[in-house]
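# Only the shape, not the letters, is given here:
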């Protein structure tokens, strides 16, 4: 079962913003793949940065991703979204899902809604 989050015209309608942080890494831990957590690992070459996704006041997580203009810019089965409230209106790719097990470890599947209608489901960091 997925958790429901709202989006507003290709933007997640949640509190918070999207912040870019440097991909810090521990070489002993390895490299994070696209759409995986990058808390302690560097991102692989498919990602352009490690992003902190803040979607509630005290709740955020990191993920390797890339900037996009449309979903066609994303690798694999991914969707392009901008977080509502981000002052730069930056859009990044999010992996699509049907349920939590479709997402990388430490992520959950969230319904993305527009005007009360589910338009997609994407993986978000826990």
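Sure, I can see it. Just so it is clear, the model here is predicted, and its values are computed rather than measured. Numbering: from 1, shown residues only.
# And what about residue 36, helix, strand or coil?
In three-state terms, and counting by DSSP: H, G, I helix; E, B strand; the rest coil, residue 36 is coil.
# Nearest residue to it in space, please, no chain neighbours.
Taking CB to CB, 6 or more residues apart in numbering, and ignoring the residues beside it in sequence, residue 36 has residue 104 as its nearest neighbour in space, at 4.6 Å. The way it works is simple: take the backbone N, C-alpha and C, and place the C-beta from them, glycine included.
# tell me the contacts of the one you found?
With contact taken as CB atoms under 8 Å, 6 or more residues apart in numbering, residue 104 is in contact with 33, 35, 36, 37, 95, 123.
# tell me the secondary structure for it?
Secondary structure of residue 104, reduced to three states by three-state DSSP: coil.
# Next one, pLDDT for it please.
According to the predicted model, the pLDDT of residue 104 comes to 92.
# Same check on the one 3 residues further on?
pLDDT recorded at residue 107 is 92.
# Residue 52 now?
In this model, residue 52 is scored at 83, pLDDT.
# Same check on residue 68?
94.
# how close does it sit to residue 91?
For residue 68, the distance to residue 91 under the criterion CB to CB, to the nearest Å works out to 5 Å.
# which of those two has more neighbours?
Neighbours around residue 68 and residue 91, counted as other CB atoms under 10 Å, are more numerous at residue 91. The numbers are 24 against 21.
# What's opposite the more buried one in the beta bridge?
Each beta-bridge partner of residue 91 is listed here, defined by DSSP bridges: residue 82.
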